[in-house]
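**Student:** How does the following fold in three dimensions:
(2 chains)
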Amino acid sequence: MIPSTFSYQRAGSVEEALSLASEHGDDAKFLAGGHSLLPLMKLRLAAPEVIIDLGGLHDLSYVDDKGSYVAIGALTRHHDVEHSEVLAREVPLLAHAAGQVGDPQIRHRGTIGGSIAHADPASDLPAVLLTLDATIVARGPGGSREIPIGEFFQGLFETALEPDELLTEIRVPKPASASAWSFQKFTQRAIDWAIVGCAVQDGRVALVNMGGTPLRATATEAALAGGASPADAAAHAAEGTNAADDIRATKAYREHLARVLVSRALTEASSRS
Amino acid sequence: MKVDLTVNGTNITADVEDRMLLVHFLRDVANLTATNVGCDTTSCGACTVLLDGESVKSCTVLAAQASGHEVTTLEGLATNGEMHPVQRAFHTEHGLQCGFCTPGMVMAIVSLLKESPHPTEEQVRNGLEGNLCRCTGYHNIVRAALAAAEAPAEVSA
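**Tutor:** This next block holds a predicted model:
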């Protein structure tokens, strides 16, 4: 399968990437690792006229300990998030979850910023960053702005980013109890997207693939805050969700999985804390 | 557009379509046909090559993205007519049947052993989650990876 024709532009700097985006507007797409966008282009589900390759922007690949939070460059590959010593120490949930994305080849190319900007509700890292209460930093023609992760995902493959904005950094506050985490992912084959997944950290619970965006399991969180046991709180995991019926699973099965996985996750997180 | 890649140590410059995939560049421009197109959807791993020394699926990389970088395919593993230890281990452990997945399997294992020179069986199985084989049931492939990891250093050129 071959993508439809496009013009390939390689950005040499963030400024050049932004200027190319301003010039081409809605006709252009940023390309990071390409492991979400290129498959869509090969299936002709996406057909941008201009591709702005960010692959040369090596200064956007870093994991820095900033004291109260960890700053992660948008072009940091899943492989490098997985093996970051800073994240293993401060945010082990994120290091572990990055190592569950796809397979080794995909993790050698795919980036954390690309995964977030793509906003696939079946992807692991959007829900993980929702659980971690991260902040997204975007740069546009007018400068930088910060977007709370809770306001970032606006719909299926839709985010708060403007067409001329580039996601440059993800800021992850250090969890109060770094070890009290769990990540659960239910798949048919190891490399598949989650049929359902969930991430837990510090009493926050987020769900993968239970609606058009990654979702906080707010009813479960409220039950936990009210003193409910993990099993009782997990019984509310599917409330407020809008899971799809598709070739992999029915809506009812996904709701069942959400309750089971949240129960496992809460139990594991509390056993670690 | 003009691309400039180093493939198995040889510089190749060519004028290609912007949309050309790396796997098609390797097969149709560089005339290196060991790298197979399998699923063409980033799943099966038959098209695995090394990009700057790390395994990638070449059906999901543009030739343009690889311009200025180094690519290694299965054809680039042998030195002076001597098979690479991973190739030799596939032979001695009978790590293949039809052989279609083999080039990708070998390249994925070369990359895996670079990152974890002495992996456990579990690490090998996890490390090969991106490569599908429909014949062998994987057992001999895993044995080959473990055997290659223990191969004498003097022949692992």
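**Student:** Pull the number of nearby residues for B:T35.
**Tutor:** Applying other Cβ atoms under 10 Å in any protein chain shown, we find 25 residues neighbouring B:T35. Just so you know, the C-beta spots here come from the backbone N, C-alpha and C atoms, and that holds for glycine as well.
**Student:** list the contacts for it?
**Tutor:** Shown in contact with B:T35 (Cβ atoms under 8 Å, 6 or more residues apart in numbering or on different chains): B:23, B:26-27, B:46-49, B:58, B:73-74, B:103-104.
**Student:** ok, now how distant is it from A:H24?
**Tutor:** 33 Å (Cβ to Cβ, to the nearest Å).
**Student:** Please look at B:T6 and B:E70 and confirm they touch.
**Tutor:** Yes - assessed by Cβ atoms under 8 Å, B:T6 is found in contact with B:E70 at 4.6 Å.
**Student:** could you say which helix or strand contains the most centrally placed residue in chain B?
**Tutor:** The residue lying closest to the centre of chain B (Cα atoms, centre = their mean) is B:M107, at 2.5 Å. For B:M107, the host element (DSSP states H and E) is helix B:102-115.
**Student:** need the next SSE after that helix, C-terminal direction.
**Tutor:** Using DSSP H and E, the helix or strand that follows helix B:102-115 in sequence is helix B:121-127.
**Student:** Show me what that next one is packed up against.
**Tutor:** helix B:102-115, helix B:139-149 (3 or more Cβ pairs under 8 Å, 6 or more residues apart in numbering or on different chains; DSSP states H and E).
**Student:** what inclination does the first one have with respect to helix B:139-149?
**Tutor:** Put plainly, it is helix B:102-115. With axes from the mean of the first three to the mean of the last three Cα atoms, to 10 degrees as the basis, helix B:102-115 and helix B:139-149 are set at 40 degrees to each other.
**Student:** what residues does helix B:102-115 touch?
**Tutor:** With Cβ under 8 Å, 6+ apart, helix B:102-115 has contacts from A:104-105, A:108, B:34-36, B:38, B:44-50, B:53-55, B:72-74, B:77, B:84, B:86-87, B:90, B:95-96, B:119, B:123-124, B:127-128, B:130-131, B:133, B:141, B:144-145, B:148-149.
**Student:** And the shortest one, by the same measure?
**Tutor:** Applying Cβ under 8 Å, 6+ apart, the external contacts of helix B:139-149 come out as B:85-86, B:88-90, B:92-96, B:105, B:109, B:112-113, B:117-119, B:121, B:124-125, B:127-128, B:133.
**Student:** Mind checking which of those are buried?
**Tutor:** Listed as buried from those are B:85-86, B:88-90, B:93, B:95-96, B:105, B:109, B:112-113, B:119, B:124, B:127-128, B:133; burial here means 16 or more other Cβ atoms under 10 Å in any protein chain shown.
**Student:** of all the contacts of B:T35, which comes closest to chain A?
**Tutor:** Distance ranking of those against chain A, using Cβ to the nearest Cβ, places B:T48 first at 5.9 Å.
**Student:** tally of neighbours for the residue of chain B found nearest chain A?
**Tutor:** Here chain B gets closest to chain A at one residue, B:G130, 2.7 Å apart by Cβ to the nearest Cβ. Residues lying near B:G130 (other Cβ under 10 Å) number 25.
**Student:** which one is it nearest to, not counting chain neighbours?
**Tutor:** Of all residues not flanking B:G130 in the chain, A:D103 sits nearest, at 2.7 Å (Cβ to Cβ, 6 or more residues apart in numbering or on different chains).
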